[in-house]
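In: Next input, structure requested:
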Amino acid sequence: MQNNMKEQFVNYIQSLQDTITSKLEEIDGKATFQQDLWKRPEGGGGRTRVIENGDVFEKGGVNISKVHGKLPETMQQYFGVKDANFFACGLSLVLHPKNPMVPTVHANWRYFEMYNAQGEIVDQWFGGGQDLTPYYLFEEDAKHFHRVCKKACDKHNPTFYPNYKKRCDEYFYNAHRGEGRGIGGLFFDYCKVSEEMSMEDWYNFVTEVGDSFLNAYVPIVEKRKDAPYSETNRAWQEIRRGRYVEFNLVHDKGTLFGLKTNGRIESILMSLPPKVQWVYDHQPEAGSEEEKLVEVLKNPKAWT
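Out: Numbering: from 1, shown residues only. Next up, the predicted model:
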């Protein structure tokens, strides 16, 4: 089965992209996803779908790609290999809602293979996760998102949720700000064959998490999308979006991998929100809902 794993996962993410974009269009009710098929000169390509200026989603993208070719020298150094080729495929999504009471969400599920000069697989792994970035903290929403994540993990291994929740808090962290990008979820990488898990086992786990995404996010959107908000709420949303941009451009490994492998810039930077503010030395008012959010970002909580 391992030799067919890349084909199996490509088929999965193509289907998942259709499922997710159809549901999001239904929720928005106004905007639809615009599709952009693209090819990478070195090998492979992708299917980018972007939604903009909707009633619910101000901007978002649900993208799939499968790329292959020679691993760039910078990445060969990173992995400690020479003359290696690679294949990578995955689905990556980011949704920036219009209403500040609705959180931004990010998810990614990916598969990677590396080959020697003879074309033999020398390494392969899965990675991915899903995480929530609210602008106003509703604890019942945070608990719902994490409960769905935990349920998906517990079907495969009871240690997965606590481990991958912790990794998520550590990874989506703006060290230069001393705060998390959001309230976390799951983050896993380099999921390889072990005594406990075959590649088929990892496939089953990753697709379980992928299939759980809509259940984790959609109920929150439907609950908050029509909530009233002020210009002050909107300004806070745009300031916090600035932190989101900082993480993606400074720390995110996926963004950096795409840039270093001559990825498609429009698809890579699709994750950036359309309207952002950077206000000099902005501090939320003491005791405010804005300060409540920042405190949780500085001190991650257990949500389950």
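
In: Run the chain-centre distance for the top helix by length along the chain.
Out: In the chain, with assignment by DSSP state H, the single longest helix is helix 199-224. Between the centre of helix 199-224 and the centre of its chain there are 12 Å (C-alpha atoms, centre = their mean, to the nearest Å).

In: buried stuff in it?
Out: 199, 202-203, 205-207, 209-210, 212-214, 216-218, 220-221, 224 (16 or more other C-beta atoms under 10 Å). Backbone N, C-alpha and C define where each C-beta goes, glycine included.

In: helices and strands around it, which ones?
Out: helix 5-28, strand 85-97, strand 104-115, strand 121-133, helix 139-154, strand 184-191 (3 or more C-beta pairs under 8 Å, 6 or more residues apart in numbering; DSSP states H and E).

In: For residue 288, which of those is the nearest?
Out: With respect to residue 288, and counting by C-beta to C-beta, the nearest of these is helix 139-154 at 16.1 Å.

In: what's the angle between the next helix or strand after the closest one and strand 121-133?
Out: Counting by DSSP states H and E, the element after helix 139-154 in chain order, helix or strand, is helix 160-171. Note on geometry: by axes from the mean of the first three to the mean of the last three C-alpha atoms, to 10 degrees, helix 160-171 and strand 121-133 are set 80 degrees apart in direction.

In: Compute the mean per-residue pLDDT across helix 160-171, please.
Out: Helix 160-171 carries an average pLDDT of 98.

In: heads up, I number from 369, so please use that
Out: Sure, I'll start counting at 369 from here, so that last one is helix 528-539.

In: who's in contact with the helix or strand just after that helix?
Out: For helix 528-539, the following helix or strand on the C-terminal side (DSSP H and E) is strand 541-542. For strand 541-542, contacts defined as C-beta atoms under 8 Å, 6 or more residues apart in numbering pick out 547, 548, 549, 611, 614, 615, 618, 619.

In: What strands line up against strand 541-542, and which way round?
Out: strand 547-548 (antiparallel) (DSSP bridges).

In: any idea how far the strand it pairs with is from the chain center?
Out: 16 Å.

In: do the same with stretch 616-626
Out: Using C-alpha atoms, centre = their mean, the offset of stretch 616-626 from its chain centre is 12 Å.

In: Roughly how far does residue 375 sit from residue 493?
Out: Residue 375 is 17 Å from residue 493, where distance means C-beta to C-beta, to the nearest Å.

In: actually residue 467, sorry about that
Out: Taking C-beta to C-beta, one finds residue 467 at 37 Å from residue 493.

In: For the two, work out which one has more neighbours and name it.
Out: Using other C-beta atoms under 10 Å, the more surrounded residue of residue 467 and residue 493 is residue 467, with 22 against 17.

In: Tell me which residues touch that one, please.
Out: Neighbours of residue 467 in contact, by C-beta under 8 Å, 6+ apart: 424, 592, 593, 594, 595, 597.

In: any low-confidence regions in the stretch 519-668 of the chain?
Out: The stretch 519-668 of the chain contains no residues with pLDDT under 70.

In: Could you check the angle the longest helix of the chain makes with helix 528-539?
Out: Using the same axes, to 10 degrees, helix 567-592 lies at 70 degrees relative to helix 528-539.

In: orientation of helix 567-592 relative to helix 373-396 in degrees?
Out: 10 degrees.

In: Report the next helix or strand after helix 567-592 in sequence order.
Out: helix 599-618.

In: which of the residues in that following helix are buried?
Out: For helix 599-618, by 16+ other C-beta under 10 Å, it's 601-602, 604-609, 611-612, 614-616.

In: With distance to residue 405 as extra columns, can I get those residues in a markdown table?
Out: Converted to a markdown table, the buried residues of helix 599-618 look like this (distance: C-beta to C-beta, whole Å):
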| residue | distance to residue 405 |
| --- | --- |
| 601 | 38 |
| 602 | 34 |
| 604 | 37 |
| 605 | 32 |
| 606 | 32 |
| 607 | 36 |
| 608 | 33 |
| 609 | 29 |
| 611 | 33 |
| 612 | 27 |
| 614 | 31 |
| 615 | 29 |
| 616 | 24 |
